[in-house]
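Participant: sharing a sequence plus its predicted fold:
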Amino acid sequence: MTVVIEARDVEFAFGQTPALRGASVAVEAGEILAIMGPSGSGKSTLLHCLAGILVPDAGEVLFDGIRVDALAETQRSSLRRDRFGFVFQFGQLVPELTAAENVALPLLLSGVHRKQALPRAYAWFARLGLDGLEQRRSGELSGGQAQRVALARGMVTEPQVLFADEPTGALDSLTGEQVMDLLVGAAREQGTTVILVTHEPRIAAYADREVMVRDGRVNAPDRIAS
Ligand SMILES: Nc1ncnc2c1ncn2[C@@H]1O[C@H](COP(=O)(O)OP(=O)(O)OP(=O)(O)O)[C@@H](O)[C@H]1O
């Protein structure tokens, strides 16, 4: 299998607070990886370093053979826009835009014309069971509906890697599982690699593989029964 994205001995500190202390992980193309670990262990920081949002203080991040950590901010920004998708805990939809415009947004930012972008966005509403909600604003959607719209927005550009940081963290368990079913289904169909941060074992169970972050380092999960 081909490794598509990888962190090698990544270190990152917020001022005096070390968040990553030599974190390494390699993710294969099409793989769904769950990053687990206690609160404050460095999961989100690792995801942000892999996604080129944060630049490591030391170590390397490689995506598709490119040293992401060595790129200039404008190049990292293009990479995030054109090759990556994102879903966060609180959908973070733009409240002034309709649901369909929110989904179309990454395409519009990539320079796709509105006439092409909106139909591509609309196609996701049927796919994710959101028919009829295209014109709603985020304040008129339930938490689960808003998160499915956020998922559509993360997938609409057909990214190579989808980064999902606690995508079901704000949802009840049934709604969270529905969102995960849709996320995994869409990723498998498109061959998208998924990097999923979660502290919920039930959500991590959707992944092909789990890793644990502890004290800023990545370990295989401790499977020994306590
Ligand atoms: N913006 C920030 N400024 C200062 N310190 C930060 C910042 N973000 C995170 N940290 C610190 O970095 C460490 C790792 O944080 P991170 O958010 O990566 O952990 P996490 O495992 O994702 O936690 P959680 O499960 O609670 O979201 C923690 O000690 C945290 O307090």
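Facilitator: In hand now; what should we look at?
Participant: next up, the contacts around the nearest residue to Pro167 once chain neighbours are set aside.
Facilitator: Counting by C-beta to C-beta, 6 or more residues apart in numbering, the nearest residue to Pro167 once its immediate chain neighbours are dropped is Val87, at 4.5 Å. C-beta coordinates here come from the backbone N, C-alpha and C atoms, glycine included. Under the criterion of C-beta atoms under 8 Å, 6 or more residues apart in numbering, the contact list for Val87 reads 147, 150-151, 153-154, 162-165, 167, 183.
Participant: ok, these vs the ligand, which is closest?
Facilitator: Distances from the ligand to these, taken as C-beta to the nearest ligand atom, are shortest for Asp165 (7.7 Å).
Participant: what sits up against stretch 117-132?
Facilitator: By C-beta under 8 Å, 6+ apart, the surrounding residues in contact with stretch 117-132 are 99-101, 103-104, 107-108, 112, 133-134, 145, 148-149, 151-152, 155-156, 182, 186.
Participant: from those, list just the buried residues.
Facilitator: 99-101, 103-104, 107, 112, 133-134, 145, 148-149, 151-152, 155-156, 182, 186 (16 or more other C-beta atoms under 10 Å).
Participant: what bridges to the residue nearest to Pro167?
Facilitator: Each beta-bridge partner of Val87 is listed here: Ala164, as defined by DSSP bridges.
Participant: centre-most residue in the protein?
Facilitator: Taking C-alpha atoms, centre = their mean, the centroid of the chain lies closest to Phe163, which sits 1.6 Å from it.
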